[in-house]
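Visitor: Fold the stuff below for me.
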Amino acid sequence: SDLRAVVEKYFALYAGKDLEGLMSLWSEKSPDHASFKQSLQLQFAAENYSFSLPAISRLKLEGERASLRATVNLTAINLKNNQKREQKMARNFALVSEGGKWKVWRSAPAENDLAEALAKSKTEAERAGLLADEKDLATSELAVALGNQGDRFYNQGAYPEALSIYRLEQSLANQIGAKTGVARALNHIGNVHLQQGDYAQASESFQASLTMFEALGDKRAVANAMGSIGRVRFSQGDYAQALDSLQTSLTMSEALDDKPEIARALTGIGLVHFEQGDSAQALERFQKSMAIREALGDNAGIGATLNNIGRVHYQQGDYARALELHQKSLAISESRGDKAGIAIALNNIGIIYRIQGDYARALEFYRKSLAMSQNSGRKSGIAVALHNIGNVYRLQGDYAQSFESFQKSLALREEIGDKAGIASTLSHIGLFYRLQGDYAQALERFQRSLSLSEALGNKAGIARALISIGRVHNAQGNYAQAIEYY
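Guide: Numbers count the residues shown, from 1 in each chain. Just a heads-up that it's a prediction; the model follows:
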């Protein structure tokens, strides 16, 4: 038939790397026309291709529109290393009749379409039905496509939905014995747990992923997993261990010239330095990371790094520059629908207004940040926003609401194991008790905060706790002890 002839010609021209001939089969009205042409140029520069004759199935005709699936055996030769790969490939085609001729409107891997349908499914029964109907597509390519669908939800801050898709990815990879796919899914699952503040589960997933990638000899993935473990350690406030893991990731990534992972490791190392009070080292790492992300066109990374550089500027007292950077970060995150990025930028803008004494605007931005984190189930973000809201209430003299917010923040931080956050919130609760004249309760909170900060090597936290303890002793008339702590 005419449809078969178009599809057979499509693969023949593809194998011949005839770009103009292949694009002549496409409708110029297709929204995919330009992007597909660009994708072909990259593919033709990387590999040579040969295909078997396509087997046509799932043919549907509706007036001037048609859809079908073409399954071929692909052989590809990498032009750099001459390595050969062979696989069965299924593509879904949508075609339209233009001037009496069939033109390609869309061509996409069948696994991508199935993964999208699975992601949209509302029930497990619906997913099971789709998989039963597409048994031939239970492949490593489908696992990758599911991972991409999970990434879409993850990047929007829709963590429960992302976790559901990533678990399906893991289940499929397990089912077909794809070890790389299982390890990749574990890494994805770890990322969700990290964002949700479930640090124990995140660590477990990343460690399992690391073990599998080491056994597979995948150095790039090992470096990535090491970086992920470093980020968990950082979130838990274990700065020495975080720095060790992140430095290992950086060294491996530099040896592999893996630019995205180099940028992530530099950011992580910069955050450790920032929390330890070394803003100069932090800024140096953030700026190196930014240069790489800008060269890569990594908008998500640029937005996150703008936030980090902004934090250094407000720590240095340059509030105007800090506000400018946070607002740029917010705009990038909003354009991407990145809920986590939006929540972080809103929180940081709130901090600037709080420092400047504009408590009403600070509360406005903190509450927006809280709502965004609650919407995505991001526990660490919820805890941060509650802590900051409590701080504003304290500054406004509303001690009852301040204490309530701090207690909620502390409970969440204890739940997720955020040691640095626990130390900070304990310090603020201690201040509440000191202002109330309950020096015994204040000292108990300040001592716990000091112990945690010392264990974490958090110099700024140690200094704050020592000064706070000194002030309690001073208020009690224990001047000698007060001087000792000052």
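Visitor: hey, let's count contacts and neighbours off CA atoms from now on
Guide: Fine.
Visitor: is it fair to say Gln87 lies in a strand?
Guide: Yes. With DSSP: H, G, I helix; E, B strand; the rest coil as the criterion, Gln87 is located in a strand.
Visitor: contacting residues around it?
Guide: Asn73, Leu74, Thr75 (Cα atoms under 8 Å, 6 or more residues apart in numbering).
Visitor: Sticking with Ala66, tell me its helix or strand.
Guide: strand 65-78 (DSSP states H and E).
Visitor: Can you point out the buried residues in that strand?
Guide: Ala66, Ser67, Leu68, Arg69, Ala70, Thr71, Val72, Leu74, Thr75, Ala76, Ile77 (16 or more other Cα atoms under 10 Å).
Visitor: ditto for stretch 78-97
Guide: Met89, Ala90, Arg91, Asn92, Phe93, Ala94, Leu95, Val96.
Visitor: Stretch 231-241 now?
Guide: Arg231, Val232, Arg233, Phe234, Ser235, Gln236, Gly237, Asp238, Tyr239, Gln241.
Visitor: Among these, which pair sits farthest apart?
Guide: Ser235 and Gln241 (11.1 Å; Cα to Cα).
Visitor: Now do the same for the nearest residue to Arg58 once chain neighbours are set aside: its pLDDT.
Guide: Distances taken as Cα to Cα, 6 or more residues apart in numbering place Leu68 nearest to Arg58, at 5.1 Å, with adjacent residues excluded. You'll see Leu68 listed with a pLDDT of 96.
Visitor: cool, and the one 4 residues further on?
Guide: With respect to pLDDT, Val72 scores 96.
Visitor: quick one, what contacts the nearest residue to it once chain neighbours are set aside?
Guide: Of all residues not flanking Val72 in the chain, Pro54 sits nearest, at 4.8 Å (Cα to Cα, 6+ apart). Pro54 is in contact with Val7, Glu8, Ala70, Thr71, Val72, counting by Cα under 8 Å, 6+ apart.
Visitor: Residue ranges in this protein under the pLDDT threshold?
Guide: Along the chain, the model assigns pLDDT under 70 to residues 456-458, 486.
Visitor: again, only this time at 50
Guide: Across the chain, nothing is flagged by pLDDT under 50.
Visitor: quick one, what contacts Ala143?
Guide: Going by Cα under 8 Å, 6+ apart, the list of residues near Ala143 reads Glu169, Gln170, Leu172, Ala173, Gly181.
Visitor: quick one: Ser409 from Gly461, how far?
Guide: 17 Å (Cα to Cα, to the nearest Å).
Visitor: which of the two has more neighbours?
Guide: Between Ser409 and Gly461, counting by other Cα atoms under 10 Å, Ser409 is the more crowded of the two (28 against 23).
Visitor: any chance of the buried residues of stretch 231-241 in CSV, with distance to Ala383 and secondary structure too?
Guide: Shown next, in CSV, are the buried residues of stretch 231-241 (distance: Cα to Cα, whole Å; DSSP: H, G, I helix; E, B strand; the rest coil):
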residue, distance to Ala383, secondary structure
Arg231, 18, helix
Val232, 16, helix
Arg233, 18, helix
Phe234, 16, helix
Ser235, 13, helix
Gln236, 13, coil
Gly237, 15, coil
Asp238, 18, coil
Tyr239, 20, helix
Gln241, 23, helix
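Visitor: Looking at the contacts of Gln87, which is nearest Gly381?
Guide: Looking across these and measuring by Cα to Cα, the closest to Gly381 is Leu74, at 46.6 Å.
Visitor: And for that closest one, nearest residue in space, chain neighbours not counted?
Guide: Leu74's closest residue in space is Phe51 (Cα to Cα, 6+ apart), at 4.8 Å.
Visitor: Would you mind giving both backbone torsions of that neighbour?
Guide: Backbone dihedrals for Phe51, given as degrees, to the nearest 10, come out at phi -130, psi 150.
Visitor: List the contacts of Leu363.
Guide: Gly350, Ile389, Val392.
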